[in-house]
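**Student:** Fold the following and give me the result.
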Amino acid sequence: MTQDVYHIPALLPESLEALCLQPSGVYVDATLGGGGHSRAIVEHLGEDGHLYSLDRDSDAIARAFADSRFTAVHGDFRYMANYLRYYGHYGDVDGILADLGVSSHHFDDADRGFSFRADAPLDMRMNRASSLTAAALLAEAPEERLATIFRIYGEFRQARRLASAIVKRRDTDPVLTTGQLASLAEPMLNPARAKKELAQVFQALRIEVNGEMEALEAFLRQSVELLSPGGRLAVITYHSLEDRMVKNFMRSGRIDGEAEKDLFGRSDAPLKPLGKAVGPTPEEVERNPRSRSAKLRVAVKNEELGMRN
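**Tutor:** Now for the predicted structure:
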């Protein structure tokens with residue numbers, strides 16, 4: 001692995017503790033990224049232990065470190081169960097970690113189009129083989145859909161106004177760059193929190209382009225299938241939408257948070273949350289400001305109930 005900073009892992013000690021690592025255990029890092037979490041996990045494994053790390057970004061796979069206890073898998077974590085089946089693991093995984101944050105590399109590489117700090121093509125694809133870019137979405141999506149994306153995924157108050165402005169100009173002057181989008185949104189931003197609101201606009205497009213919420217739902221459901229009884233699920237979230245989904249699923253086994261019950265009224269939830277969400281220490285935020293909004297939630301698979309369909 002190269003020595004330049006690709007991504008600083010958030011909540012690293014807390015994540016390792018959450019997984020309750022065993023030297024001979026089988027683990028999954030569903031979001032390889034810069035490899036910080038993965039490398040630390042492998043350092044706790046013995047010769048019989050193994051870590052499988054997934055990432056849909058070919059850059060992350062190309063930069064992955066080499067170790068006999070480690071396998072890097074180029075793929076989306078929404079298909080995690082298929083990959084683990086291929087490697088002979090299903091229902092015997094001891095721990096799964098997912099850090100849902102965008103790697104620092106993606107924000108710092110202007111050409112990827114994730115940030116408004118530099119003018120660059122509106123791309124935002126985690127997987128560069130995907131056909132849908134943010135610019136294509138803005139050029140093709142109906143106005144109502146764009147408004148919904150900005151409102152739901154970005155929680156942007158001027159969602160309808162921004163969607164209307166994009167549609168009005170796209171036939172003659174389509175929004176193709178991060179700078180154009182930022183300029184178009186600028187009059188609609190509250191001056192007191194302009195950067196935050198603009199970040200919400202970009203977040204909304206990134207979530208839609210990459211199908212992040214659908215992928216997260218699939219990941220959560222498959223984690224229950226893959227974990228052994230007593231296995232740990234640890235997820236680091238960065239915004240309220242994904243945190244709510246993770247919290248609901250860990251508590252109930254359902255995305256809406258409504259737990260199913262048996263004939264005796266007992267919860268049939270496949271997971272049991274362990275404590276409350278954990279955030280970064282002030283020292284970590286000082287070292288890594290992008291960890292400020294991180295929340296780690298942890299759950300254990302119920303040994304009595306096992307896998308739920």
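
**Student:** For the closest residue to residue 101 other than its chain neighbours, grab the count of nearby residues.
**Tutor:** Spatially, and ignoring its direct neighbours in sequence, residue 101 is nearest to residue 238 (4.9 Å; C-beta to C-beta, 6 or more residues apart in numbering). C-beta here means a position set from N, CA and C on the backbone, and glycine is covered the same way. Look at residue 238: counted by other C-beta atoms under 10 Å, it has 19 neighbours.

**Student:** ok, now residue 187?
**Tutor:** 10.

**Student:** Same check on residue 207?
**Tutor:** Every residue meeting other C-beta under 10 Å relative to residue 207 is counted, giving 22.

**Student:** Name the SS class of it, please.
**Tutor:** The assignment at residue 207 comes out as helix when based on DSSP: H, G, I helix; E, B strand; the rest coil.

**Student:** cool, and residue 115?
**Tutor:** With three-state DSSP as the basis, residue 115 sits in coil.

**Student:** wait, doesn't it sit right on residue 203?
**Tutor:** No. Applying C-beta atoms under 8 Å as the test, residue 115 and residue 203 come out as separate, 11.0 Å apart.

**Student:** so what's residue 290 up against?
**Tutor:** Neighbour list for residue 290: 8, 10, 101, 104, 107 [criterion: C-beta atoms under 8 Å, 6 or more residues apart in numbering].

**Student:** phi, psi of the residue lying closest to residue 102 once chain neighbours are set aside?
**Tutor:** Of all residues not flanking residue 102 in the chain, residue 114 sits nearest, at 6.3 Å (C-beta to C-beta, 6+ apart). Main-chain torsions, residue 114, degrees, to the nearest 10: phi -90, psi -20.

**Student:** who's more crowded, residue 115 and residue 203?
**Tutor:** residue 203 (22 against 18).

**Student:** Outline the domain layout of this protein.
**Tutor:** 12-104+212-301, 131-209 (automatic domain parsing).

**Student:** what about the longest one, average pLDDT?
**Tutor:** In this model, domain 12-104+212-301 has an average pLDDT of 95.

**Student:** how about the most centrally placed residue in the chain, what does it touch?
**Tutor:** When C-alpha atoms, centre = their mean is applied to the chain, the residue found nearest the centroid is residue 100 (2.3 Å). Applying C-beta under 8 Å, 6+ apart to residue 100 gives the contacts 31, 212, 216, 235, 236, 237, 238, 242.

**Student:** Same list (these) but as JSON lines, adding secondary structure and distance to residue 64.
**Tutor:** Below are the contacts of residue 100 laid out as JSON lines (DSSP: H, G, I helix; E, B strand; the rest coil; distance: C-beta to C-beta, whole Å):
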{"residue": "31", "secondary structure": "coil", "distance to residue 64": "12"}
{"residue": "212", "secondary structure": "helix", "distance to residue 64": "22"}
{"residue": "216", "secondary structure": "helix", "distance to residue 64": "23"}
{"residue": "235", "secondary structure": "strand", "distance to residue 64": "21"}
{"residue": "236", "secondary structure": "strand", "distance to residue 64": "19"}
{"residue": "237", "secondary structure": "strand", "distance to residue 64": "24"}
{"residue": "238", "secondary structure": "coil", "distance to residue 64": "23"}
{"residue": "242", "secondary structure": "helix", "distance to residue 64": "24"}
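
**Student:** Please indicate which of these has the highest neighbour count?
**Tutor:** Result: residue 235 is most packed of those (other C-beta under 10 Å), 30 neighbours.

**Student:** For that residue, list the residues it contacts.
**Tutor:** Residue 235 neighbours (C-beta under 8 Å, 6+ apart): 97, 98, 100, 220, 246, 250, 296, 297, 298.

**Student:** Residues in contact with the helix or strand that contains the first one: which ones?
**Tutor:** Using DSSP states H and E, residue 97 maps to strand 93-99. The set of residues external to strand 93-99 that reach it, using C-beta under 8 Å, 6+ apart, is 9-10, 15, 18-22, 25-31, 33, 37, 41, 77, 84, 219, 223, 226-228, 231-236.
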